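*Asks:* Starting from these lines, generate the structure:
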Amino acid sequence: MKTTEILDVEQALMLIEHVLVRGGDNGEHLVAASTSTAGGDRSDAQQRLALRKSLLAAANLLTVAHRLMEPPGDLSGRDLVLRSKAMIEKLKLSARGAYEAGHLLVGVSTSARN
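*Replies:* Model (predicted):
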């Protein structure tokens, strides 16, 4: 039987996936469209991409948390090492996505000031 915490993580993952699917491939529905100039369009696109990258990073982090909450079962020592390496790669991917999202948002706030 799954714990409440594991069920909460699974639900959070499903909700993130739902938002990503509903947002479309380019996240066009994730950020309200601006009626301003072409600079606003660039800003909107950056916001959508930043939001999408943030959600993907969060999903990857939740996947790692989910794997850590599961009992190791009958995995051999080698399989545990491989599983750990896979989780480390997911963490790196999450960190990179969050970092890139931050850079996109800095670009948005810089262009908003100009």
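*Asks:* show me what contacts residue 67?
*Replies:* Counting by Cβ atoms under 8 Å, 6 or more residues apart in numbering, residue 67 touches 83, 87. Bear in mind the C-beta positions are built from the backbone N, C-alpha and C, glycine included.
*Asks:* One more pass at 6 Å, please.
*Replies:* residue 87 (Cβ atoms under 6 Å, 6 or more residues apart in numbering).
*Asks:* any weak-confidence spans in this structure?
*Replies:* 25-41, 108-114 (pLDDT under 70).
*Asks:* Kindly list the longest helix within it.
*Replies:* Longest helix in the chain, counting residues (DSSP state H): helix 77-113.
*Asks:* In that one, which residues are buried?
*Replies:* Under the neighbour-count criterion of 16 or more other Cβ atoms under 10 Å, helix 77-113 has 87, 90, 94, 97-98, 101, 104-105, 108 buried.
*Asks:* elements contacting that helix?
*Replies:* The contact analysis (3 or more Cβ pairs under 6 Å, 6 or more residues apart in numbering; DSSP states H and E) places helix 77-113 against helix 38-69.
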